[in-house]
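Trainee: 3D model of this:
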Amino acid sequence: MEHALVRVASEANWQVYHAIRRRVLWHERGRSGYDESRPEERMSDNHPLLLTCNGQGIGTTRLDDLRDGTGIVRLVAITGSVRGRGHGRILSMMVEDYARRLGIDTLFVNAALDAEGFYVATGWTRCLTDAPGQLGQAEATVPMVKSIARRGS
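Mentor: Coordinates of the predicted model:
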């Protein structure tokens with residue numbers, strides 16, 4: 001399997017990105033009102049990312065670069081038909097590498113309650129200190145933090 005992490009730019013990738021998020025994070029969770037025209041998606045320091053496997057879009061997230069060595073991972077989604085096969089771990093590793101290239105050494109996320117175990121298993125901890133205000137306080141989530149600084153950095 002060949003994975004790639006693509007910064008969403010083309011109209012075709014935007015369509016796949018929004019379709020995955022709408023289905024996984026809204027419809028599967030019984031929510032409605034997904035808005036693909038939110039201005040945050042296209043802000044210069046926010047990076048909408050699409051995970052592909054063998055050229056097919058299977059996952060999404062957005063990485064917000066706070067420009068102070070920290071970043072926020074938002075709206076992580078893996079398509080249901082391929083969930084549970086390690087793609088989430090691959091997405092996580094690829095986002096961490098992408099973030100490091102931007103100069104980010106600490107990541108934050110509001111983890112859905114049913115995803116906390118995944119985050120703990122991939123090195124995240126509950127955020128017991130002050131999280132950046134931009135993280136917000138989403139309902140039914142756990143704020144988490146992860147240092148991604150390479151040793152010797």
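Trainee: Please make it C-alpha for all contacts and neighbour counts, starting now.
Mentor: OK.
Trainee: Please name the nearest non-neighbouring residue to the most centrally placed residue in the chain.
Mentor: The residue lying closest to the centre of the chain (CA atoms, centre = their mean) is residue 61, at 3.2 Å. Using CA to CA, 6 or more residues apart in numbering and skipping the chain neighbours, the partner closest in space to residue 61 is residue 76 (4.4 Å).
Trainee: Give me the neighbour count for the one you found.
Mentor: Residue 76 has 23 neighbours, counted by other CA atoms under 10 Å.
Trainee: Do I have it right that it meets residue 62?
Mentor: Yes. With contacts counted by CA atoms under 8 Å, residue 76 reaches residue 62, the gap being 7.4 Å.
Trainee: follow-up on the earlier one: spit out the contact partners of the residue nearest to the centre of the chain.
Mentor: Contact analysis of residue 61 by CA atoms under 8 Å, 6 or more residues apart in numbering lists 48, 49, 50, 73, 74, 75, 76, 77.
Trainee: among the residues you listed, who's most crowded?
Mentor: Each of these was scored for neighbours by other CA under 10 Å, and residue 50 scores highest at 28 neighbours.
Trainee: Is it correct that that residue falls within a helix?
Mentor: No. Counting by DSSP: H, G, I helix; E, B strand; the rest coil, residue 50 is not part of a helix but strand.
Trainee: who's the closest residue to it other than its chain neighbours bridged to?
Mentor: What sits nearest to residue 50 in space, not counting adjacent residues and going by CA to CA, 6+ apart, is residue 60, at 4.6 Å. Here residue 60 sits in beta bridges with residue 50, residue 77, going by DSSP bridges.
Trainee: So residue 60 is in contact with residue 51, correct?
Mentor: Yes. Using CA under 8 Å, residue 60 is in contact with residue 51, at 5.8 Å.
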